[in-house]
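Engineer: with the sequence up front, the predicted model follows.
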Amino acid sequence: MPPRGPSQLDYVLVPLGLAVMAGYHLWLLLRIRRRPETTVIGINAINRRIWVRYIMEEPSGKHGVLAVQTLRNTIMASTVLASVAITLSSLVAALMASGAAHGLFAGSSGSGSGSTLVVGASGKPALTVKFFAVLVCFLVAFLLNVQSIRYYSHTGLLVNVPLAAHRRPASAVGYVTGTLNRGFYFWSLGVRAYYFSCPVFLWLFGPIPMCASCVAMVAALYFLDVYEEWDKDDDGCSDDGHGNGRERKTMPQEGV
């Protein structure tokens, strides 16, 4: 029989907040697949393909320094995020092991109803689940950023191979672009794990702040992820694919 009282809010608001986050990202994924020119991720993927071809088409290799510097900056960004994630994971694990946070977030009786600070389940089992969820978010962010570093390292070598040295230049550009895009996709997912850790952390204070933060974060992410001006011509008319405006010319997206 489910617990009664304020702890029932966890069974309603927490799944609701998770559903809002999951639904938004499912919608974003479909939009990236169908209309990549209206999303920041899709626009960046198009420009990365142009950048790879620009670097590889230079026969003298003068653009190699530009490629190395650019990839070095991306590797540094992923390294910082990975380092912060593993540090926070260690901190959360230490708090879980020591039980130092139980006095603040959990009730003295451990029944889930003794804490006046937290509305909802606040016993030791519930607090352990909440801290474990925060720990999982940071560990996932660490692993995703490590994977992005892996693909950036591969791209640093592949992009410096002259395009004339390949038997099939178009396939070479597509492969290098796909490798670079995978690195950025893993990096983006790692940043999303950081974003998702904020509502999970607020869950420590109860399901109401957690659900409210999920809704607020989805609203903020919409303005960060969607950009429809790229899909318009110089006159401000949108290319709808039915003869209105100029013909849309897009490059294929590897793994978008």
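Structural biologist: Sure, I can see it.
Engineer: which stretches of the stretch 151-256 of the chain have low pLDDT?
Structural biologist: Across the stretch 151-256 of the chain, residues meeting the criterion (pLDDT under 70) sit at 231-256.
Engineer: and with 90 instead?
Structural biologist: Counting by pLDDT under 90, the low-confidence segments of the stretch 151-256 of the chain come to 156-174, 204-207, 228-256.
Engineer: what does Pro162 show for phi and psi?
Structural biologist: Main-chain torsions, Pro162, degrees, to the nearest 10: phi -60, psi 140.
Engineer: roughly how far apart are it and Pro169?
Structural biologist: Plainly put, Pro162 is 10 Å away from Pro169 if you go by Cβ to Cβ, to the nearest Å. Heads up, the C-betas are built off the backbone N, CA and C, glycines and all.
Engineer: give the residues shared as contacts by those two.
Structural biologist: Common contacts of Pro162 and Pro169 (Cβ atoms under 8 Å, 6 or more residues apart in numbering): Met56.
Engineer: can you count the residues close to the nearest residue to Ala82 once chain neighbours are set aside?
Structural biologist: Among residues not flanking Ala82 along the chain, Asn145 sits closest, at 3.9 Å (Cβ to Cβ, 6 or more residues apart in numbering). By the criterion of other Cβ atoms under 10 Å, Asn145 has 27 neighbours.
Engineer: how about the host helix or strand of Asn145: buried residues?
Structural biologist: Using DSSP states H and E, Asn145 sits in helix 124-158. Within helix 124-158, the residues scored as buried using 16 or more other Cβ atoms under 10 Å are 126-127, 130-131, 133-152, 154-156, 158.
Engineer: after it, next one along is what?
Structural biologist: Next element after helix 124-158 (DSSP H and E): helix 169-202.
Engineer: thank you kindly, that will do.
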